[in-house]
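Trainee: Model the structure of this input:
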Amino acid sequence: MEKFFQLKERGTNVKTEVLSGTVSFLTMAYILAINPLILSATGMDAGSVFTATALASAFATIMMAIYSNMPFVLSAGMGLNAYFSYTVVIGMGYSFQQALSAIFVEGLIFIFLSLTNVREAVFNAIPPVLKIAISVGIGLFISFIGLQNSHIVIDGVTLVKLYSFKESIANGMFQSEGITVILALIGLLITAFLLIKNINGAVLFGIIVTWGLGMICQAVGWYIPNPEKGFFSLFPNGIVSMPASIEPTFMQVDFSSLLSFEFFTILASFLIIDFFDTLGTIMGCATKANLLDENGKLPKVKQVLLTDAVGTTVGSLLGTSTITTFVESSAGIAEGGKTGLTALTAGCLFLLALFFSPVFLAIPAFATAPALIMVGFLMMQQVAKINWTDDILTAIPAYITIFSMAFMYSISEGICFGVISYTILHVFSGKAKDVTPLMYILTVLFILKYIFL
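Mentor: Take a look at the predicted model:
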């Protein structure tokens with residue numbers, strides 16, 4: 001392991017890497033429950049989608065470990081799966097087989113772009129200050145995800161608002177929803193305390209302790225499951241289960257609409273969202289893990305991007321939406337994961353999930369939410385590397401990148417607005433020569449994206 005994963009060279013060890021991989025998996029295990037729910041709205045078999053999601057995630061993550069030796073974990077991207085189901089299939093009337101063909105073609109295009117160094121060139125063209133800003137922006141973004149998943153923050157007349165315990169008591173939801181919000185807040189304090197005490201595995205222990213407190217609350221009657229409202233039993237309904245057949249979704253791609261203009265617009269949307277979400281996640285996580293070299297480049301970035309592309313292609317054939325690098329990889333990185341052994345651990349856990357799905361699917365969102373929020377804190381630490389006072393010309397685009405990711409709820413939008421503002425402000429300030437040609441090309445493409453897509 002030392003020779004293959006270069007553990008000592010990167011300042012880590014087997015225990016840290018395995019622990020980090022476990023944390024990454026636990027913070028994203030929800031995808032095994034959510035993805036079948038979303039894709040089954042198209043008529044796809046939910047059991048088959050579960051199996052396809054687990055297999056595709058395991059394949060791509062293990063490939064990431066062996067081929068690139070990076071700690072990134074992959075699965076079916078949230079947002080992209082919703083676009084697949086509710087826009088392409090339900091909204092536009094395509095069959096899920098035709099939508100899978102768009103995912104397949106997207107993967108092939110990404111494989112070509114990765115082999116020809118186009119994606120690598122884009123990665124390297126992003127200025128170092130924006131890479132730092134992307135890491136910070138992802139920290140706020142993932143914190144917001146945690147706040148939403150735990151219902152600490154909910155929809156309101158001001159777009160978002162703090163959860164109201166008074167309202168939950170009035171509408172009879174306190175013993176299902178309200179108590180989980182309290183548990184999430186307690187879990188947040190527990191995780192923070194463990195981090196302050198520098199306990200190894202603080203994030204993982206925070207998840208387990210919070211879940212355990214939830215089971216105690218259910219056992220004594222303080223928490224009452226309400227499946228109709230999305231609040232299920234916190235106890236697994238079993239331990240071992242056989243995976244569902246993958247036959248209903250396996251090799252179901254349909255290319256009958258491949259040459260239509262509408263198909264091209266769908267493909268373009270998948271490409272743009274996935275392209276920059278992936279780049280942003282890799283930049284942010286690599287920055288946090290100190291994997292970038294002195295020039296701000298990521299060693300083996302081609303292997304990382306090619307793995308992501310191959311994962312998307314294989315996933316479409318198995319029967320799931322776009323496979324992409326997950327922002328929750330930052331949870332494992334925050335625990336100290338720096339090599340492919342972190343990814344290998346998570347990939348193996350995806351395979352185990354096929355046979356122990358009752359256990360993994362019972363992990364509640366309120367237990368993993370504190371982990372995401374505290375990981376956001378750890379990624380926010382990168383903000384100190386931005387020169388906020390002496391180099392305002394680069395600090396302002398960095399600021400725009402950060403708030404765009406959090407407030408527009410999109411990693412790709414943060415990159416787009418960061419690049420556009422960086423280029424335009426440099427031109428207006430008489431520093432046009434400091435901007436690389438590829439940054440100008442990206443700026444034009446992003447502006448055209450907002451005009452035509």
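
Trainee: secondary structure class for Gly172?
Mentor: The three-state assignment at Gly172 reads coil, by DSSP: H, G, I helix; E, B strand; the rest coil.

Trainee: how much space between it and Asn226?
Mentor: Distance, Gly172 to Asn226, by C-beta to C-beta, to the nearest Å: 9 Å. For glycine as for every other residue, the C-beta is placed from the backbone atoms N, C-alpha and C.

Trainee: just Met374 next, same as before
Mentor: 28 Å.

Trainee: what does Met92 give?
Mentor: Taken as C-beta to C-beta, the span from Met92 to Asn226 is 34 Å.

Trainee: Just the C-alpha atoms of the strand or helix carrying Leu26, please, in PDB.
Mentor: Per DSSP states H and E: Leu26 is located in helix 14-28. Taking C-alpha atoms only, helix 14-28 is exported to PDB below (Å, rounded to 0.1, in the frame of the first residue of the first chain):
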ATOM      1  CA  VAL A  14      -3.600   3.500   6.200                       C
ATOM      2  CA  LYS A  15      -5.800   4.200   9.200                       C
ATOM      3  CA  THR A  16      -6.300   7.800   8.200                       C
ATOM      4  CA  GLU A  17      -7.100   6.900   4.600                       C
ATOM      5  CA  VAL A  18      -9.600   4.100   5.500                       C
ATOM      6  CA  LEU A  19     -11.300   6.400   8.000                       C
ATOM      7  CA  SER A  20     -11.500   9.200   5.500                       C
ATOM      8  CA  GLY A  21     -13.000   7.000   2.800                       C
ATOM      9  CA  THR A  22     -15.600   5.800   5.300                       C
ATOM     10  CA  VAL A  23     -16.500   9.400   6.100                       C
ATOM     11  CA  SER A  24     -16.800  10.300   2.400                       C
ATOM     12  CA  PHE A  25     -19.100   7.400   1.800                       C
ATOM     13  CA  LEU A  26     -21.300   8.000   4.800                       C
ATOM     14  CA  THR A  27     -21.900  11.600   3.900                       C
ATOM     15  CA  MET A  28     -23.000  10.700   0.400                       C
END
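
Trainee: Now that helix: average pLDDT?
Mentor: The average pLDDT within helix 14-28 is 92.

Trainee: That helix packs against which elements?
Mentor: Judged by 3 or more C-beta pairs under 8 Å, 6 or more residues apart in numbering; DSSP states H and E, helix 14-28 is in contact with helix 202-220, helix 329-334, helix 340-353, helix 365-380.

Trainee: contacts for the shortest one?
Mentor: Applying C-beta atoms under 8 Å, 6 or more residues apart in numbering, the external contacts of helix 329-334 come out as 20-25, 27-28, 71-73, 138-139, 142, 203, 281, 284-285, 288-289, 342, 346, 371-372, 374-375, 378-379.

Trainee: repeat that for 7 Å
Mentor: Helix 329-334 is contacted by residues 20-21, 23-24, 27, 71-73, 138, 142, 203, 281, 284-285, 288-289, 342, 371-372, 375, 378-379 when judged by C-beta atoms under 7 Å, 6 or more residues apart in numbering.

Trainee: and it, C-alpha only, in CSV?
Mentor: Coordinates of each C-alpha in helix 329-334 appear next as CSV, following Å, rounded to 0.1, in the frame of the first residue of the first chain:
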residue,chain,number,x,y,z
SER,A,329,-15.3,14.0,-1.2
SER,A,330,-14.3,17.1,0.9
ALA,A,331,-15.6,15.4,4.0
GLY,A,332,-13.1,12.6,3.7
ILE,A,333,-10.3,15.0,2.7
ALA,A,334,-11.1,17.1,5.8
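
Trainee: Below-threshold pLDDT in the chain: ranges please.
Mentor: Within the chain, the segments meeting pLDDT under 70 span 453.

Trainee: Let me see the domain layout of it.
Mentor: Following automatic domain parsing, one finds the domains of the chain at 8-237+270-383, 386-452.

Trainee: Looking at these, spot the one closest to Phe255.
Mentor: Nearest to Phe255 among those is domain 8-237+270-383; the distance by C-beta to C-beta comes to 4.9 Å.

Trainee: Figure out how far the closest one is from the centre of its chain.
Mentor: Centroid displacement of domain 8-237+270-383 relative to its chain, using C-alpha atoms, centre = their mean, to the nearest Å, is 4 Å.

Trainee: so how far does that domain reach from one end to the other?
Mentor: 28 Å (C-alpha to C-alpha, to the nearest Å).

Trainee: Kindly report the same for stretch 381-391.
Mentor: This stretch, stretch 381-391, spans 19 Å end to end (C-alpha to C-alpha).

Trainee: if we can go back for a sec, so of the domains of the chain, which one's packed in deepest?
Mentor: domain 8-237+270-383 (a mean of 21; mean count of other C-beta atoms under 10 Å).

Trainee: What ranges does the stretch 201-350 of the chain have for its strands?
Mentor: Ranges of strands in the stretch 201-350 of the chain, per DSSP state E, counting those that start in this stretch, are 323-325.

Trainee: Which neighbouring elements make contact with the lengthiest helix in the chain?
Mentor: Identified as the longest helix of the chain according to DSSP state H is helix 261-288. Helix 261-288 is packed against helix 80-82, helix 96-115, helix 118-125, helix 128-149, strand 323-325, helix 329-334, helix 411-428, with contacts defined by 3 or more C-beta pairs under 7 Å, 6 or more residues apart in numbering; DSSP states H and E.

Trainee: quick one, phi psi at Asp155?
Mentor: Phi and psi for Asp155, reported as degrees, to the nearest 10, are phi -60, psi 150.

Trainee: Then the one 4 residues further on?
Mentor: The phi and psi values for Leu159, taken as degrees, to the nearest 10, are phi 80, psi -50.

Trainee: distance of it from Arg119?
Mentor: 34 Å.

Trainee: Repeat that for Leu291.
Mentor: 17 Å.

Trainee: what does Thr278 give?
Mentor: Noted for Thr278: a distance of 8 Å to Arg119, by C-beta to C-beta.

Trainee: do the same with Leu372
Mentor: When C-beta to C-beta is the yardstick, Leu372 and Arg119 sit 27 Å from each other.

Trainee: I'd like the distance between Gly214 and Phe366.
Mentor: Using C-beta to C-beta, which is the criterion applied here, Gly214 is 7 Å from Phe366.

Trainee: Perfect, I'm done here.
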